[in-house]
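**Student:** Generate coordinates for the sequence data below:
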Amino acid sequence: MKALSPALQTHLDDGTTTLAWVWRIARADGVTFGFTDHDRTLTFDGTEFEPESGLTASEVRSGSNLSVDAQDAEGVLTSDRITETDILDGRWDNAEVEVWRVNWADTGQRVLMRRGAIGQIRRGRLVFVAEVRSLAHVLGQTVGRTFQATCDAALGDARCGIDLENPAFKGTGAVIDLLRDRAFTASGLAGFDAGWFTFGTLEWTSGANAGRHTEVLGHDVAGGVAVLALLEAPVRSIALGDAFTIRAGCDKRIETCGAKFANTANFRGFPHIPGQDTILRYATKDGGHEGGVL
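**Tutor:** Below you'll find the model as predicted:
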């Protein structure tokens, strides 16, 4: 239930209202934006809310259960502050959002309708539609340890302990030839075996994608030349000569942890737990209950 100030309640009871939608959006990079569907700038709590921003709201949908409530905000891609490039770059992903209902004639009369985060963004030729998810979406995230055979630590974090700045796990190179929009041959990686950077990360250090990170899907060697395939195509096209820094990857198995990183002591999985095939086992004349995989 929303708690309204007496002044706002009086304004609503009057029957003739001067209300507007207002959004305050704080991106992960620390930049805060304000938007309103009103025709002039509104200001409160140190934020200026841009008028006529092309941002309009759908109805607020909410329920009494723990399902994720949502509201859609639709806007034009030609806005100076919301660009297609920023959306494609992921700068708006999971940005914190506050949705206010404000009396534009007196911004002191306002109520916070919801607080959430930017969810799915659907892009068209001229407009985008951003889903504003309620805080209930946080309840769907995994909290704590995961009981699984593979490691649940991120390679290089404090629980893993591997130093990815070690030259044994880090390389630099440049694009030699493009094979597909996300695959290319690269120089500078001749000293690494095939598969060394599979499931690793790549950071572009020059070219149109400079400063952006991506995951490596595969690392092969053909004729002594490294062949890299990325999980997703970069926002901007890869060009010949684009330089990058690449770091080793891990498939989260204990065998890889020991052989590749000599880090079995920090392995964060449970490799000896029974698998799902245990449930399907049945008695056989020659045994078959020694704990091995069927």
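**Student:** For the helix or strand harbouring residue 117, which strands pair with it and how are they oriented?
**Tutor:** According to DSSP states H and E, residue 117 maps onto strand 110-123. Strand 110-123 has these partner strands in its sheet, going by DSSP bridges: strand 96-103 (antiparallel), strand 127-134 (antiparallel).
**Student:** looking at these, which one has the lowest mean pLDDT?
**Tutor:** Ranked by mean pLDDT, those end with strand 127-134 at the bottom, a mean of 67.
**Student:** Any idea how many residues pack against residue 241?
**Tutor:** Neighbours of residue 241 under the rule other C-beta atoms under 10 Å: 11. All C-beta spots, glycine's among them, are computed from the backbone N, C-alpha and C.
**Student:** residues contacting the residue lying closest to residue 105 once chain neighbours are set aside?
**Tutor:** Leaving aside its sequence neighbours, residue 105 sits nearest to residue 18 (C-beta to C-beta, 6 or more residues apart in numbering; 4.4 Å). The neighbours of residue 18, taking C-beta atoms under 8 Å, 6 or more residues apart in numbering as the test, are 11, 103, 104, 105.
**Student:** Filter the residues you listed down to the ones in helices?
**Tutor:** Per DSSP state H, helices hold the following members of the contacts of residue 18: residue 11.
**Student:** buried subset of the contacts of residue 18?
**Tutor:** For the contacts of residue 18, a burial check counting by 16 or more other C-beta atoms under 10 Å picks out 11, 103, 104.
**Student:** In the chain, where is pLDDT below threshold?
**Tutor:** Residues of the chain meeting the criterion pLDDT under 70: 1, 52-84, 120, 122-131, 134-142, 281, 283-294.
**Student:** Please enumerate the helices of it.
**Tutor:** Assigned by DSSP H, the chain shows helices spanning 6-13, 84-88, 254-261.
**Student:** Comparing those helices, which stretch has the densest surroundings?
**Tutor:** Using mean count of other C-beta atoms under 10 Å, the stretch among the helices of the chain with the largest mean neighbour count is helix 254-261, at a mean of 17.
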